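Peer 1: Pasting the sequence and the predicted coordinates here, then a few questions.
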Amino acid sequence: MATLLGQPISYPTAYDPAILEGIDRALGRQDLHLPAGMTGFDRWMCYELSWLSDADLPQCGVMCMDVPAGTPRIVESKSLKLYLNSLYRSCFATKEDVLACIGRDLAPILGGTPLLKLYGPQQWVSELNPAEPQGYCLDCARAQSLPADAGDEFEYRVWTNQFRSLCPVTGQPDWATFEVCWQGVPVDLQWIAQYLWSYREHAGFHEQCVEAIFSHLLETMGPSSLMVRASFTRRGGIDISPCRAFGREAEPAPRRYRQ
């Protein structure tokens, strides 16, 4: 699969939607058993976005993009970075016009419509306020245990800051805070910690890693509901936080301090 990742390329000096490239989700789902009722999305936070006002004044913002898990494709991250940078000399009357342009260009690449929001400099602190995960921290699992007699509908939440995987194209490491929330029987904290940490040498895109873990935990644990989500750290001006759920609504993760 040839992509822009890992390839030397000059930054564009003019608006160029042809830079955008899509990656079929089916490539990472061939050996997975994903339930028909799975819901979720991939939240992209894009920090390298600038344009000109209709008075030719430079503007900047942070774009939040939610891509539904049901879209047939994701956008290749480096192509999105280059595309967003290509807007820096384009004039727009309003922020809404910026998002309308980006949405039009991304829809055919994704095969669906992303939900876009744009945060200005005055909104960064108030709207993107970070928080730590809730529940049992697997990084100190030896000192904790899950309640064994809480009943089938008890909700368990565990998380780790030690999740690591590799980009399948460049081999660069990707780090994330990974969370698992389920209803059903308790599991051994050391088992789930070791399973998540086993991805340290696994090559896969963020979305593929999350879906593979989601599929495995659903089959192994047999929960009545399950949600997994990963808050990856930023690389190339973009961070991605995929979330997948079954038997419950997918919930966007708050911004994490490390992001």
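Peer 2: Nice, I can see it.

Peer 1: Please count neighbours and contacts with C-alpha atoms only from this point.
Peer 2: Fine.

Peer 1: could you point out where the stretch 151-259 of the chain is predicted with low confidence?
Peer 2: 151-152 (pLDDT under 70).

Peer 1: following the longest strand along the chain, which helix or strand comes up?
Peer 2: Among all segments of the chain classified by DSSP state E, the strand with the greatest residue count is strand 39-52. Per DSSP states H and E, strand 39-52 leads on to strand 58-68 as the next helix or strand towards the C-terminus.

Peer 1: That next one packs against which elements?
Peer 2: strand 39-52, strand 115-119 (3 or more C-alpha pairs under 8 Å, 6 or more residues apart in numbering; DSSP states H and E).

Peer 1: quick one, domains of the protein?
Peer 2: 17-125, 136-246 (automatic domain parsing).

Peer 1: Could you dump the ones you listed into CSV with distance to R255 and mean neighbour count added?
Peer 2: Shown next, in CSV, are the domains of the chain (distance: least, C-alpha to C-alpha, whole Å; neighbours: other C-alpha atoms under 10 Å):
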stretch, distance to R255, mean neighbour count
domain 17-125, 10, 17
domain 136-246, 8, 18
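
Peer 1: Kindly reformat those as JSON lines containing distance to Y11.
Peer 2: Formatted as JSON lines, the domains of the chain follow (distance: least, C-alpha to C-alpha, whole Å):
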{"stretch": "domain 17-125", "distance to Y11": "6"}
{"stretch": "domain 136-246", "distance to Y11": "13"}
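
Peer 1: quick one: T39 from Q183, how far?
Peer 2: 16 Å (C-alpha to C-alpha, to the nearest Å).
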